[in-house]
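Undergrad: Any chance you can model this:
(chains A and B)
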Amino acid sequence: MNILTLLIVIPVLTITGILFTKDLKGARLVSAIGMTAQLVVAAILVFMYLGARKAGVTDEMLFTADYMWFKTLNIRYAIGVDGIAVAMIALTAVVVFAGIFASWEMEFLSREFFISLILLATGVFGFFISLDLFTMFLFYEVAVIPMYLLIGIWGSGPKESSAMKLTLMLMGGSALLMVGIFGIYFNSAPDGGPLTFHIIEISKIQIPVEAQRFFFPFTFVGFGILGALFPFHTWSPDGHASAPTAVSMLHAGVLMKLGGYGAFRVAMFLMPEAAHEMAWIFIILTSISVVYGAFGAIWQKDLKYINAYSSVSHCGLVLFALLMMNETAMDGGIIQMISHGLMTALFFALIGMIYGRTHTRNIYEMGGLMKVIPILSVVYVIAGLASLGLPGLSGFVAEMTVFVGAFQHTDVFHRVVTILAASSIVITAVYILRVVGILLFGPVKDPHFEHLEDAQWYEKLSMYTLVIAIAGIGIAPLWLSNTILDSLKPIVEKLAQVAF
Amino acid sequence: MYNYTILIPMIPLVMFLVTGLLGMKWKPIISGLLGTTGLGISWVLSLMTAITYFFGGHHAEAFPTIIPFETLWLTFSETLQIKMGVLLDPISVMMLVVVTTISFMVHIYSLGYMHGEKGFQRFYAFLSLFTFSMLGLVIATNIFQMYIFWELVGVSSFLLIGFYYQKPSAVAASKKAFIVTRFADLGFLIGILILSFITKTFDFGILTNPDGAVFANAAGLSFMGVSAMTWAMVLVFMGGAGKSAMFPLHIWLPDAMEGPTPVSALIHAATMVVAGVYLVARLFVVYHFQAPDALEVVAYIGGFTSLFAAVIAITQYDIKRVLAFSTLSQLGYMMLALGVSGYGGEEGLGYMASVFHLFTHAMFKALLFLGAGSIIHAVHSNYMYDMGGLRKYLPITHITFLIACLTIAGVPPLSGFFSKDEILVAALEHNKLLFAVEFLVAGLTAFYMFRLYFNIFWGKDRHYHHTPHESPLTMTIPLMFLAFASVFSGFLPFHSLVTADKMHFDTHLHLGVAVPSVLIGLLGIALAWLLYKKESKTPENIARKLGVLYTATYNKFYFDEIYLFITRKIIFNYISRPIAWFDRHIVDGFMVGIGTVTEKVSYRIKGMQSGQLQHYAFMFVAGALILALVLVYYM
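TA: Okay, the predicted model is just below:
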């Protein structure tokens, strides 16, 4: 079997397995085994991919397979990956693995919870391996729907309304996206011949510029909503605040990355002329996102809101970098997706663990946690340092690549907005240190907290996995960066053809 | 032949990882001894490097730049790459010696000073982390490597200032230090971006080539009437000014004294705070040939800071704060010396004087801080009004402290005299105004240092909780070593070792400058002796006479309050809060509004779906009629 198909089969088998279990113990065991297997497969995929590239395979997509699915409309189950998709798959596998262990004590309707969670993951894996727009869209919807249930049933606070808001806004995005995808489809054969959904095939032809102008905004905004593009980001704070831990991790860590990934793989890659024409509008919006999200985070007092606004800022930088449309900046944007995915998952995991102990997320009700739960606190500091871009952790690599890349543009506009975006490194430091100072340092605020227990083994497993990934990228970024740079070549070339 | 130099930073890194990850499982002292031994090895290796480098070969020509180790770390594009490597040239070799010497002394000292503290092994882990970062900064082969380690020293400083994390003032100070320097680093980063845009390289070897070929396409580039190179170098200097606490980014350094005293000695006196000076010195060729205007800025900021800080130092009572302001003032000296320097031969006197002073200052200021630590250890207070007559109880601390005070006051033949004299000569040749300022500061320095000295060691005994006693040997040995270095390091031939063009040049004593500067120093000492040797009301009376002037100085000219106003009021209340509100109510409100409107509309029109046949039939007929009418109308 194709290794990519295996990535879909394992979660489906895991879900089937969970159906045969009775309670939490069984469900979590099956999930853990399934997602560990998934992590192993993802690791094997990384090695196979790097091996193939080393052996000199220069195909744009590797491990491809192509089955006709619905002949009339030429919809196919077409799969294949390049370095970027491999990296995103590895990210997803790590986050899902950590997520399972972060929800180790999910007592309420545990089987259903794990099933929904893994179903969500299935959609994400499917999205990243798809080369056919229709299949891709299908998997995307598979990922979004369980989200509604996960937040609405297992969430906290005003969970129903948050779940509704999140799902409706993402569905609104889907609606735009569908228009965009059909627009691409019906223009995929301007010289006659069969229409196609296949990304690589479409990339070989040029979609009429008129059509691009019409459909690019639909596609880009459709994906942008998922990637928290200002002003369509408001589902994020409420959604995250209400979602259970593992769902926040998966959602901010992985699902939001579908937005960024789709934005360049579909919108920009297939409609480069329109992308060039309209980039400035979105560059302005995204640079607002970067600064605005960071300022928004300073004022918050709920840990999850802080992280949600921080995500708006960091994900804004992803789209910002991609819109810079040169190799270095786009490389940085993709590293930023991975980096943000890992560290935000770590943050949400930690917030869940802290909340589980203190039963509050209001930073002013906590304080001095470093003394009582040192392991969780130290990891929180590490996550914070990664978020504010400390060298040696992944955030620095991503941000610097973005800024250096974006600043190489010859026109002043791009360089000015780069400086604007770069100013976020200071604002980020402000809100991170504020939280760290209030939450972890100082005297212990509430005497009830004196006897809190520190991290359990499953929590440590979850945190350390993410910390190792973050530090690994931060200390030795070269292999990741080079893999991405290689795979970006066809995309950057296509964008450059029309630039001048 | 210099391959082993990579070990100099790697040993502290390994020590950090080992003590950081496993330290809590051992007895605390093991972490301390491990860290100290490791650093001892680094120290020996650094001395070996320095001896082979400076005295090994016959350098009739300029000193060579050697890169014994370099590896690719990250690729941006074909030419823009970050490498990690070791670069040896006179200034970096000298810095290796400074950093490892002071760090080693502080490691030994802390065995005594931090004994029995909670978090002893954490302290040593952080010390190792800092030393690793600082060494990485010093040996950077390219500006981006320097930036990376620059950030790392920043975070180690943050962790060490906030070492007593349960103390709110320490937490606030660490936060302030990090954010102020981060703000400065933003300038540094933008400076690097502009440089990379112009030159397409990060490499120091290419950037600091005096022929300036890589700057060819900078010609004509300008922004708001100032050339791009001036912008770039001023912004780079902004980073340096943040780390070296130059006015107006100085506010974090006095607060940083919340950290344990050995940390103040290592980071906030001798090593990290000179990183800014080191940065300007490292890029001196670029400043001198490409952005002379930026160099003027360096000179004036340095000069102003040295005066400003010296004035404040006179009024402070916390002995560590006095030393902190003194550090600011001396750093100003170094910056000024760089700013007034030329390039080549005797023209480069300022450059040489600056690094010379950097070296001697590291020794005597570390000595002062460690001495202060020994005093605080004995009397359990930071304030000089809790001290007096200590010379009887702390003989070794007393003598070494006195040596340090004489050194900083510029009394010959101690090291401070030589380095300060060179700076004054360089200033006189370049800019009379700056010379006058520095001359005045020399007097002020002697005065406030001896005010400190007399207040601590002379005067009446206070009511001590227990009789103060001399510190253990682990603490006094570093004091004696550093006192030795303070006395004799002035005889090092810096003019043939570390110069702007790496070539030897001749210097001689300028009696016309030396004599008056020694005299004003002695005048300052005499004045302090008159006012503070015996307790009297005179200082208080003078302070009262000066009124507002004194209060303003005592409150550090209210710069902390200004910063607080900007951060608390403007950023927090007038930017962040409205944004949060706007986001909740306008942006999100709009999205919710769409939902509400949809719901309302559908509620209104749902009545049409009544299920009654007559109703539907009426609708149908009415609709058909309307359509028919419209059709007829248009026909």
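Undergrad: what's the distance between A:Gly395 and chain B?
TA: A:Gly395 is 11 Å from chain B, where distance means C-beta to the nearest C-beta, to the nearest Å. Heads up, the C-betas are built off the backbone N, CA and C, glycines and all.
Undergrad: and the next element down the chain from the helix or strand containing that residue?
TA: If you go by DSSP states H and E, A:Gly395 is part of helix A:394-407. Next along the chain after helix A:394-407, taking DSSP H and E as the criterion, comes helix A:412-422.
Undergrad: Who are the packing partners of that following helix?
TA: helix A:272-299, helix A:303-323, helix A:394-407, helix B:168-199 (3 or more C-beta pairs under 8 Å, 6 or more residues apart in numbering or on different chains; DSSP states H and E).
Undergrad: how much does the third one deviate in direction from helix A:412-422?
TA: Going back to what we said before, that points to helix A:394-407. 160 degrees (axes from the mean of the first three to the mean of the last three C-alpha atoms, to 10 degrees).
Undergrad: average pLDDT across helix A:394-407?
TA: For helix A:394-407, the mean per-residue pLDDT is 91.
Undergrad: just the second one next, same as before
TA: Mean pLDDT, taken over the full extent of helix A:303-323, equals 90.
Undergrad: Chain B contacts on the stretch 351-500 of chain A?
TA: The stretch 351-500 of chain A has residues A:368, A:370-371, A:385, A:388-392, A:396-397, A:400-401, A:403-405, A:407-408, A:415, A:418-419, A:422-423, A:425-426, A:429-430, A:433-434, A:437, A:440-443, A:477-478, A:481-482, A:485 near chain B, with proximity defined as C-beta under 8 Å from any C-beta of the partner chain.
Undergrad: circling back to that earlier point, what would the helix holding A:Gly395 look like as PDB? C-alpha coordinates only.
TA: Extracted in PDB, the C-alpha atoms of helix A:394-407 (Å, rounded to 0.1, in the frame of the first residue of the first chain):
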ATOM      1  CA  SER A 394      12.100  27.200  16.600                       C
ATOM      2  CA  GLY A 395      10.400  30.600  16.600                       C
ATOM      3  CA  PHE A 396      13.600  32.500  16.000                       C
ATOM      4  CA  VAL A 397      14.500  30.500  12.900                       C
ATOM      5  CA  ALA A 398      11.100  31.200  11.400                       C
ATOM      6  CA  GLU A 399      10.900  34.900  12.200                       C
ATOM      7  CA  MET A 400      14.400  35.700  11.100                       C
ATOM      8  CA  THR A 401      13.900  33.900   7.800                       C
ATOM      9  CA  VAL A 402      10.700  35.800   7.200                       C
ATOM     10  CA  PHE A 403      12.200  39.200   8.100                       C
ATOM     11  CA  VAL A 404      15.500  38.700   6.100                       C
ATOM     12  CA  GLY A 405      13.600  37.400   3.200                       C
ATOM     13  CA  ALA A 406      10.900  40.000   3.100                       C
ATOM     14  CA  PHE A 407      13.500  42.800   3.500                       C
END
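Undergrad: Strands along chain B, start to end?
TA: B:66-75, B:81-88, B:222-223, B:226-227 (DSSP state E).
Undergrad: returning to that earlier point: so for A:Leu176, which of the helices and strands packed on helix A:412-422 sits nearest?
TA: Checking the helices and strands packed on helix A:412-422 against A:Leu176 by C-beta to C-beta gives helix A:272-299 as the closest, at 14.0 Å.
Undergrad: So for stretch A:73-93, what gets flagged as buried?
TA: Buried residues in stretch A:73-93, defined by neighbour count with 16 or more other C-beta atoms under 10 Å in any protein chain shown: A:74-93.
Undergrad: Is any residue of that stretch near chain B?
TA: No. Stretch A:73-93 is not in contact with chain B by C-beta under 8 Å from any C-beta; minimum separation 14.1 Å.
Undergrad: average model confidence for that stretch?
TA: In the prediction, stretch A:73-93 has an average pLDDT of 91.
Undergrad: Kindly report the same for stretch B:17-33.
TA: On average, stretch B:17-33 scores 85.
Undergrad: So it, near chain A or not?
TA: No. Stretch B:17-33 stays clear of chain A (C-beta under 8 Å from any C-beta), getting no nearer than 8.9 Å.
Undergrad: distance between the ends of that stretch?
TA: End-to-end distance for stretch B:17-33, by C-alpha to C-alpha, to the nearest Å: 15 Å.
Undergrad: which residues are in contact with that stretch?
TA: B:34-35, B:107, B:110-111, B:114, B:120-122, B:124-125, B:128-129 (C-beta atoms under 8 Å, 6 or more residues apart in numbering or on different chains).
Undergrad: Could you rerun that using 10 Å?
TA: Residues from elsewhere that reach stretch B:17-33, judged by C-beta atoms under 10 Å, 6 or more residues apart in numbering or on different chains: A:374, A:378, B:15-16, B:34-35, B:38, B:107-108, B:110-112, B:114-129, B:132, B:474.
Undergrad: Just the buried residues of it, please?
TA: B:Val18, B:Thr19, B:Gly20, B:Gly23, B:Pro28, B:Ile30, B:Ser31, B:Gly32.
Undergrad: tell me how far that stretch is from the chain's mean position?
TA: 28 Å (C-alpha atoms, centre = their mean, to the nearest Å).
Undergrad: Also stretch B:33-53?
TA: 24 Å.
Undergrad: do stretch A:301-315 as well
TA: Worked out by C-alpha atoms, centre = their mean, stretch A:301-315 lies 14 Å from the chain centre.
Undergrad: circling back: what angle do the helix holding A:Gly395 and helix B:168-199 make?
TA: 40 degrees.
Undergrad: what sits up against the strand ranked longest in chain A?
TA: The longest strand of chain A (DSSP E) is strand A:62-70. Contact with strand A:62-70 is made by A:1-5, A:45, A:48-49, A:52-53, A:74-83, A:85-86, A:129, A:131-132, A:134-135, A:138, A:197-198, A:200, A:487, as judged by C-beta under 10 Å, 6+ apart.
Undergrad: now, which of those lie within strands?
TA: A:Ile75, A:Arg76, A:Tyr77, A:Ala78, A:Ile79, A:Gly80, A:Val81.
Undergrad: For the first one, which non-adjacent residue is spatially closest?
TA: Using C-beta to C-beta, 6 or more residues apart in numbering or on different chains and skipping residues adjacent in sequence, the residue nearest A:Ile75 is A:Phe134, 4.6 Å away.
Undergrad: With distance to A:Phe214 and mean neighbour count as added columns, please give the helices and strands packed on helix A:412-422 in JSON lines.
TA: Below are those laid out as JSON lines (distance: least, C-beta to C-beta, whole Å; neighbours: other C-beta atoms under 10 Å in any protein chain shown):
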{"stretch": "helix A:272-299", "distance to A:Phe214": "8", "mean neighbour count": "22"}
{"stretch": "helix A:303-323", "distance to A:Phe214": "19", "mean neighbour count": "28"}
{"stretch": "helix A:394-407", "distance to A:Phe214": "28", "mean neighbour count": "27"}
{"stretch": "helix B:168-199", "distance to A:Phe214": "36", "mean neighbour count": "23"}
